[in-house]
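S.K.: I need the structure of the sequence given here:
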Amino acid sequence: MTASKMYLEHVNITVNNLEEAIQFFQTAFPHFKIRGGGDKLREWVHLGDEHTYIALNQAEAPLQKVEKNYEKAGINHIGFVVQDVEEIATKLLTKGYQRDYPKQVEKFRIRDYFIDTDGNQYEFVQYLSEVPAEKNDYNK
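M.R.: Next up, the predicted model:
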């Protein structure tokens, strides 16, 4: 498989409230459907579309809120490329979700960061160019 054919198929997250996690992602991505699930060992679902999904697992015991710390090992956020950042932000804000970092409007992209009820941070990025050199320009 060449680099151009590679993509992230899924991410696997354990959450305190499975229904709340489903609501967060379906607010951002209304086309996401439950592709499958089960409860043999634990309650879980695969939520997504035909290309990508989020594996959500119900925690057996309440988890502490996620602590993002860029100075320690761990995942700080998960990023999604989207067509319209403002549309997603409006949907999330309307449902009561909070921004976790100021929206960044740059020359070739717009980025907005939100947290779910467990404290996980998600970046939504809209590219304003299809030119790879511009999409990957970090000089704002």
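
S.K.: per-residue confidence at His46?
M.R.: Looking at His46, its pLDDT reads 96.

S.K.: SS state for the most centrally placed residue in the chain?
M.R.: The chain has Tyr122 as the residue nearest its centroid, 4.3 Å off, counting by C-alpha atoms, centre = their mean. Here Tyr122 takes the strand state, with states given by DSSP: H, G, I helix; E, B strand; the rest coil.

S.K.: List the residues that contact it.
M.R.: Shown in contact with Tyr122 (C-beta atoms under 8 Å, 6 or more residues apart in numbering): Ala28, His77, Ile78, Gly79, Phe80, Tyr113, Phe114, Ile115, Asp116. For the C-beta atoms, the positions are set from N, CA and C on the backbone; glycine is no exception.

S.K.: What's the local residue count around Asn136?
M.R.: The criterion is other C-beta atoms under 10 Å. On that basis, Asn136 has 11 neighbouring residues.
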